[in-house]
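Undergrad: what shape does this take:
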Amino acid sequence: MTHRIAIENSDIAFDCDSGQSVLDAALHAGIELPYSCRKGVCGSCAGSITVGEVSGVNAGAVRNDTCSADQVLYCLCAPTSDLVLKPLSWKRLDPSARKTFTAKVYSNELAAPDISLLRLRLPTGQRAKFQAGQYLQVLLDDGSKRSYSMANPPQESDGVTLHIRHVPGGRFSAQVTQLRPGDTLQIELPFGHVTLLEDDSRPIVFVAGGTGFAPVKSILDDMLKRRVKRPMTLIWGAREAQGLYLPAAVERWQKQWSDFRFIKALSDVPTESMDDAYAGRVDQALRAHCPDLTEHVVYCCGSPPMAAAVRSAAHNCGLASSDFHADVFVPGPAAVQP
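TA: Numbering: from 1, shown residues only. Next comes the predicted model:
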């Protein structure tokens, strides 16, 4: 059965097939609602339903602890009647933006013992359209996909740079160290909605865990190229100092922006050996260094537990729920062991 879905206070309406998520139906109709992981973890797609009823896709849950009392996760719910949605925001998709490319490996370097910086080039004359903070999907031979954020700004549109952690048993990450210049990968982009609002000048706090630095780097490099000026703080966390694998990028931002603040958070380093870093997790560093987040914006990129802890800390420091944006790195299925 097909149900009709409308967006409140707009002329937008589209169909949703039985068992299809509200988010997927919207994207299929060319309407982008806020989203990131599409797996019910990050909470980016939380929104209200003012008319109608929904059930969980495959009889699952329709909300998690990121939702307020009147919200559901659009990526997890399917309509059981016609609906009227009240999303936090929406926009029409650019039909020419999402494309599939056969990209060539340009370089593949180790930035840390367990992190590869993989630079890909698109075919000659082709360009990728994406916004800073979005991600792509690597299409694997077995039909599965893996998601990675672009670490380069959108002005560098002839290729993409990925920061890939080597996950034990990972279907793709285990192969990354074997990639050589000239090897090819199938990629599709862009995806995701963790991007900056153009007209927002409020202080912004970026919180990154490990390779969650990749989308943050894309956003900050884009801001630098566009000469955006607003108070900014970056809290970047890792277990040890080598996990903060691109210090040169941070140093460049510090030189260009006098009000740019950088806080290292190292969780597995003894306090007595610390010099210029915070000894603890990123959520603890946020509480310590940003105790009042009223009228701030927080962009958080990292694992689900890390994002949940940062969300809680930010709200306890006065951040409005609508001003927390999360790009949650949800791992794909592990490789099947022989």
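
Undergrad: strands of the stretch 151-300 of the chain, start to end?
TA: 159-165, 184-191, 204-209, 232-238, 260-266, 277-279, 297-302 (DSSP state E, counting those that start in this stretch).

Undergrad: quick one, helices of the protein?
TA: Taking DSSP state H, the helices of the chain run over residues 22-28, 173-176, 213-225, 247-256, 282-289, 304-316.

Undergrad: for residue 175, see how far away the nearest residue to residue 114 once chain neighbours are set aside is.
TA: Spatial nearest neighbour of residue 114, chain neighbours left out: residue 166 (4.7 Å); criterion: C-beta to C-beta, 6 or more residues apart in numbering. C-beta here means a position set from N, CA and C on the backbone, and glycine is covered the same way. Distance from residue 166 to residue 175, counting by C-beta to C-beta, to the nearest Å: 10 Å.

Undergrad: show me where pLDDT drops low in the stretch 51-200 of the chain?
TA: Within the stretch 51-200 of the chain, no stretch falls below the threshold (pLDDT under 70).

Undergrad: now the residue lying closest to residue 288 once chain neighbours are set aside, which residues is it bridged with?
TA: Nearest non-adjacent residue to residue 288, counting by C-beta to C-beta, 6+ apart: residue 278, 6.6 Å away. Beta-bridge pairing of residue 278 under DSSP bridges involves residue 265.

Undergrad: for burial, what's the neighbour tally of residue 278?
TA: Residue 278 sits with 21 neighbouring residues when counted by other C-beta atoms under 10 Å.

Undergrad: contacts only, for the closest residue to residue 96 other than its chain neighbours.
TA: Distance criterion C-beta to C-beta, 6+ apart; nearest residue to residue 96, sequence neighbours excluded, is residue 129 at 7.0 Å. Counting by C-beta atoms under 8 Å, 6 or more residues apart in numbering, residue 129 touches 94, 96-97, 99, 154, 157, 190.

Undergrad: again, 7 Å this time
TA: 94, 97, 190 (C-beta atoms under 7 Å, 6 or more residues apart in numbering).

Undergrad: now the closest residue to the second one other than its chain neighbours: how far from residue 81?
TA: Spelled out, it's residue 97. Distances taken as C-beta to C-beta, 6+ apart put residue 129 closest to residue 97, at 4.2 Å, once the chain neighbours are dropped. Taking C-beta to C-beta as the measure, residue 129 falls 36 Å from residue 81.
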